[in-house]
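Asker: below are the sequence and a predicted model; questions follow.
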Amino acid sequence: MKNIAVVMGGYSDESVISLRSGQLILNNLDRSKYNVFEVHILRDGWNVLVDGRKFPIDKSDFSITKNGQKITFDAIANTVHGTPGEDGHLQAYWELLEIPYTGCGFYQSSLTFNKRDTLSVLSKFNIPKANSIYLSKGDQVSGEEIVAKLGLPFFVKPNQSGSSLGVSKVNDLSQLKKALSFAFAEDDDILVESFLKGTEISVGVLNYLGKTTVLGITEIVSQNDFFDYEAKYQGKSEEITPARLSAEVEQKVRETAAKVYDSLGMSGFSRADFIVMDNIPHFIEINTNPGLSPQSIFPQQAAHANLSFSDLLDSEIELAMRRKLLWKR
């Protein structure tokens, strides 16, 4: 049987969510096919957990030694949110070691973790999106110039962050200073984006059995001013699957979500967020390691589509093994 490392955690505030996501994968991998290992990558160490004991990872080859026996992994199921597992760092490391991993490649991970660069690439494919301004820490900021370009309200968000950490909606310029501080606490670069008034949706897309597949469309109805961290993970939102869209708009969403996925050269699980304004889906961002906790959208969409999560994971591992063959060409 193949040894599968389920890697979770990370170095960002999203590590708590990642540890929950890892549990869903652990619970759904077929133990008749795989020897499954729980791996925590955290700032205080890289360890495999076996029966409550920690076995440190040897970073030279991503192995462990247990009872004098060296254990290596045939493939990695990666569910690290944020850095270093969603920004390409771990993916590049595993690729150098020639260990196949689930999800997209290191370049796509790095690209899509950078909101500005993702928007820049997608602009070449005529994907509708909000207007935006890019700022770095230390730049002179004029609220009046922002309003002149983007109008009110607008959003301030870190360029590289997930789970809506550091995101604020600015309804009045008196809120701008606090919003900038909040975003810059997460990243040295930020995006300021125009407000899109419409229906917020989240679309799960994956490569299933070798084909780009739109898993489902979920409508987000937040009790808060927008779909922030509290709304996502603390029950302050209603998530409706399938989204309440006309057949025509649903088809547009499916086509646009698949186009985004393919244009970015994606593989693996993903969740793309859009605002449907004037019946047109406007791209917000894409997550290449979407949350898989009980509160997360992607597992809800899989359940609605009547797809077994075990089958989805089997497909992911098979695609990872095939990717390894391409490295050797």
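Answerer: Cool, got the structure.

Asker: quick check: closest non-adjacent residue to residue 221.
Answerer: Ranked by C-beta to C-beta, 6 or more residues apart in numbering and with sequence neighbours excluded, the top spatial neighbour of residue 221 is residue 238, at 4.2 Å. (C-beta placed from N, C-alpha, C; glycine too.)

Asker: quick one: secondary structure of that neighbour?
Answerer: Using DSSP: H, G, I helix; E, B strand; the rest coil, the structure places residue 238 in strand.

Asker: where do the helices of the stretch 1-150 of the chain begin and end?
Answerer: With helices called from DSSP state H, counting those that start in this stretch, the stretch 1-150 of the chain shows them at 15-28, 89-96, 106-113, 115-123, 143-150.

Asker: right, so of the ones you listed, which gets closest to residue 50?
Answerer: Distance to residue 50, taken as C-beta to C-beta, is lowest for helix 15-28 among those, at 12.4 Å.

Asker: now do residue 48 against residue 256, distance only.
Answerer: Per C-beta to C-beta, to the nearest Å, residue 48 is found 40 Å from residue 256.

Asker: about what we covered before: touching, the residue nearest to residue 221 and residue 200? I think so.
Answerer: No - applying C-beta atoms under 8 Å, one finds residue 238 not in contact with residue 200, separated by 11.2 Å.

Asker: looking at the two, which has the bigger crowd around it?
Answerer: The neighbour comparison of residue 238 against residue 200 (other C-beta atoms under 10 Å) goes to residue 200, with 19 against 11.

Asker: and the more buried one, what are its bridge partners?
Answerer: For residue 200, the beta-bridge partners under DSSP bridges are residue 220, residue 275.

Asker: do you know the pLDDT at the residue nearest to residue 221?
Answerer: pLDDT, residue 238: 88.

Asker: when you give positions from now on, start the count at 43
Answerer: Got it, first residue is 43 now, which makes that one residue 280.

Asker: tell me the contacts of it?
Answerer: Contact analysis of residue 280 by C-beta atoms under 8 Å, 6 or more residues apart in numbering lists 262-263, 265.

Asker: can you put those residues in CSV and add neighbour count, pLDDT and distance to residue 63?
Answerer: Below are the contacts of residue 280 laid out as CSV (neighbours: other C-beta atoms under 10 Å; pLDDT from 0 to 100; distance: C-beta to C-beta, whole Å):
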residue, neighbour count, pLDDT, distance to residue 63
262, 20, 93, 19
263, 13, 90, 23
265, 11, 73, 24
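
Asker: can you give me the end-to-end distance of stretch 110-127?
Answerer: With C-alpha to C-alpha, to the nearest Å as the measure, the ends of stretch 110-127 fall 29 Å from one another.

Asker: what does stretch 172-188 give?
Answerer: 14 Å.

Asker: common neighbours of residue 280 and residue 242, please.
Answerer: Contact criterion C-beta under 8 Å, 6+ apart; residues shared by residue 280 and residue 242: residue 262.

Asker: which residues does residue 91 bridge with?
Answerer: Residue 91 has these beta-bridge partners by DSSP bridges: residue 80, residue 96.

Asker: could you list the low-pLDDT ranges of the stretch 143-292 of the chain?
Answerer: Within the stretch 143-292 of the chain, the stretches with pLDDT under 70 are 204-206, 266-278.

Asker: hmm, try it at 90
Answerer: 180, 182-184, 201-208, 228-229, 251-252, 264-280 (pLDDT under 90).

Asker: quick one, domains of the protein?
Answerer: The chain is divided into the following domains under automatic domain parsing: 44-144, 154-170+239-362, 174-236.
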